[in-house]
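*Asks:* Quick one: sequence and predicted model below, then my questions.
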Amino acid sequence: MKFRQTSSTVVAAAKASISPATAYRIEGDPRLPSLKGEPRQRRRPDPLVDIFDAEIVPMLEAAPGLRSVAIFEEMMRRHPELGTGIRRTLERRIRSWRALHGEEREVIFRQTHEPGRLGLSDFTDMGNAGITIAGAPLAHRLYHFRLAYSGFEHAHVVLGGESFVALAEGLQNALWTLGGAPREHRSDSLSAAFRNLDREVREDLTRRYEDLCGHYTMTPSRNNAGIAHENGAIEGPHGHLKRAIEDALLMRGSRAFDDLPAYRRFIDEIVGRLNARNAKRIDLERAELGMLPGRRTADYEEVSVRVTSSGGFLLRKVFYTVPSRLIGHRLRVRLHDDRLTVFIGGTELTTLPRGRAHPSGKHGHVIDYRHVIHSLRRKPMALLGLVYRDQIFPRDVYRRTFEALLERLPDRQACRVIVELLALAHERGCERELADRLSIALEDGDLPDMASLRTRFSPDPAALPVVTVQLATLAAYDDALLGTGDAA
């Protein structure tokens, strides 16, 4: 068309390298090809013309949250002659109507994060991971901490629910690993920890959470209950972390771990790899973090219990055994997520693994056979109907041995033999070695021979050292007191 301004049609066509016929066609209709097409018309009658405005729109106005599939099923019930082929047409029509006439939707406001300002905590369930510890399935969660700016992450295996104790332990582990504290800490309102608690207990948890943050000079904050995207800086990374764990488990080729510390080391290694990717940003943010206090604060609950004549105490619907010499004493117990620390007065006595009550409400048991074996030897028949009989066996092979004894021996003799086996394991310190011997006997279909086992696990007199003790004379003690003589 530019050449046509100064030349004829034929000359302009030659200069533009097109045929004269094309040039004449363009002059006759200068519209672009895309503008020459006719608008697409409906090819079949509208199946919703009689019902959309009359029936569907009133339903959408009365219940804006109604799903399209529910409306489709209702229309099929009212008008079966329409056929199932209208479903996609109906869904598109509803989507278009909502875009023009629907309610306003919530807007997500993206935030700019400053170094050292915000750290976030949350829990994520790992029940579907299929982890086993020593052959037993591990029902657990992960406590997950993350810095919003640099992406520093810390994960801690939690055996119980979303409790304040789990939050306090995991958060402090994260802060001391990081080497500093952000100015603000945000949690998800501890909604699971607050469930079924009365107002006084909820206020106590709130105060304890504020005291925890105050100890590290962090401003506590919580997102609104049920609004997950307010914790978006950690909700999204939940999925990234869980996918990284799943990939590592697949490459490992097994989901079985020997013990809980081994699994925790596995999680720490994965989190360490994720942090290595953000090392430069983490170093930058670490310089903006606040100083840590001189010590950690309490990450446990402290309760008082009394040891009953059963040789233990009941706490949170779980029975724990302790040495029988403590019967009648009142103990202080520090309740952590995965353990109990037991004190009498100011003296620490022992650490026990924490148990959980059965989901059905039945009491749980944490039993150490060493605490009761001395009494059980005097009353071996008590084992037959013992409430925690299955939990008293330190390894599964002892339980299977007892079942084999009950099948082939009278009850009294079977109880006496298994109690003697437990006593032998305790007195000779050979629990694992004895379990190996019992396993071999069960595979061969034999019962344990107490005489040979006692001989096998008795000390060899020839291997015992000869100790010669030379007693000093009384005069040597006098010289030592007076500061004279060789004894001085």
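*Replies:* Everything's here; your move. Everything numeric here is computed off the predicted structure, so don't read it as measured data.
*Asks:* For the residue nearest to the spatial centre of the chain, which non-adjacent residue is closest in space?
*Replies:* Nearest to the mean C-alpha position of the chain, counting by C-alpha atoms, centre = their mean, stands R141 at 1.2 Å. Once its chain neighbours are removed from consideration, R141 has its nearest residue in V158; the separation is 4.5 Å (C-beta to C-beta, 6 or more residues apart in numbering). To be clear about C-beta, it is placed using only N, CA and C from the backbone, and glycine gets the same treatment.
*Asks:* Pull the contacting residues for that neighbour.
*Replies:* Contacts for V158 were tallied using C-beta atoms under 8 Å, 6 or more residues apart in numbering; they are F123, H140, R141, L142, Y143, A166, G170, D337.
*Asks:* which stretches of this protein have low pLDDT?
*Replies:* For the chain, the stretches with pLDDT under 70 are 189-202, 223-232, 460-463, 484-488.
*Asks:* residues making contact with the longest helix that it contains?
*Replies:* Assignment by DSSP state H gives helix 232-252 as the longest helix of the chain. The contact list for helix 232-252, computed with C-beta under 8 Å, 6+ apart, reads 108, 113, 118, 120-122, 124, 126, 129, 142, 144-146, 148, 151, 153, 155, 228-229, 255, 266-267, 270-271, 273-274.
*Asks:* Please pull up the helix or strand immediately following that helix.
*Replies:* Under the assignment DSSP states H and E, the closest C-terminal helix or strand after helix 232-252 is strand 256-257.
*Asks:* helices and strands around that following strand, which ones?
*Replies:* The helices and strands touching strand 256-257, judged by 3 or more C-beta pairs under 8 Å, 6 or more residues apart in numbering; DSSP states H and E, are strand 132-133.
*Asks:* tell me which element E203 falls in.
*Replies:* Following DSSP H and E, one finds E203 within helix 199-215.
*Asks:* Sort out which residues of that helix are buried, please.
*Replies:* By 16 or more other C-beta atoms under 10 Å, the buried positions in helix 199-215 come out as L205, T206, R208, Y209, L212, C213, H215.
*Asks:* And the next helix or strand past it?
*Replies:* As assigned by DSSP H and E, the chain's next helix or strand after helix 199-215 is strand 219-222.
*Asks:* For that following strand, output the C-alpha coordinates as CSV.
*Replies:* Output for strand 219-222, consisting of C-alpha atoms alone and laid out as CSV, is shown next (Å, rounded to 0.1, in the frame of the first residue of the first chain):
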residue,chain,number,x,y,z
THR,A,219,7.4,-10.7,69.5
PRO,A,220,4.8,-13.5,69.6
SER,A,221,2.1,-13.5,66.9
ARG,A,222,-0.4,-16.0,65.5
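*Asks:* what packs against that strand?
*Replies:* When contacts are defined as 3+ C-beta pairs under 8 Å, 6+ apart, strand 219-222 packs onto strand 184-187, helix 199-215.
*Asks:* Could you report the distance from M291 to T132?
*Replies:* Note on M291: its distance to T132, by C-beta to C-beta, to the nearest Å, is 42 Å.
*Asks:* Looking at the two, which has the bigger crowd around it?
*Replies:* Between M291 and T132, counting by other C-beta atoms under 10 Å, T132 is the more crowded of the two (14 against 10).
*Asks:* Name the nearest residue to the more buried one, ignoring sequence neighbours.
*Replies:* Setting aside the residues directly before and after it, T132 is nearest to A256 in space (C-beta to C-beta, 6+ apart), at 4.8 Å.
*Asks:* I'd say that neighbour and A129 touch.
*Replies:* No: counting by C-beta atoms under 8 Å, no contact exists between A256 and A129, whose distance comes to 11.9 Å.
*Asks:* Is it possible to get TSV of the helices and strands packed on strand 219-222 that adds distance to V397?
*Replies:* Written out in TSV, the entries for the helices and strands packed on strand 219-222 read as follows (distance: least, C-beta to C-beta, whole Å):
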stretch	distance to V397
strand 184-187	44
helix 199-215	43
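*Asks:* so which strand or helix has the nearest residue to T84 once chain neighbours are set aside?
*Replies:* The spatially closest residue to T84, leaving aside those adjacent along the chain, is M76, at 7.1 Å (C-beta to C-beta, 6+ apart). Assigned by DSSP H and E, M76 belongs to helix 68-78.
*Asks:* what's in contact with stretch 266-277?
*Replies:* Taking contacts as C-beta under 8 Å, 6+ apart, the residues outside stretch 266-277 that touch it are 142, 151-155, 157, 240-241, 244-245, 248, 252, 257, 282.
*Asks:* Buried residues, the helix or strand harbouring G170. List them.
*Replies:* Secondary structure assignment for G170, by DSSP H and E: helix 164-178. By neighbour count, and taking 16+ other C-beta under 10 Å as the criterion, the buried residues in helix 164-178 are 164-175, 178.
*Asks:* would you list the residues you listed in a markdown table and tack on distance to A62?
*Replies:* Listed next are the buried residues of helix 164-178 as a markdown table, based on distance: C-beta to C-beta, whole Å:
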| residue | distance to A62 |
| --- | --- |
| F164 | 44 |
| V165 | 47 |
| A166 | 44 |
| L167 | 43 |
| A168 | 48 |
| E169 | 50 |
| G170 | 46 |
| L171 | 47 |
| Q172 | 52 |
| N173 | 52 |
| A174 | 49 |
| L175 | 51 |
| L178 | 52 |
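*Asks:* Thank you, goodbye.
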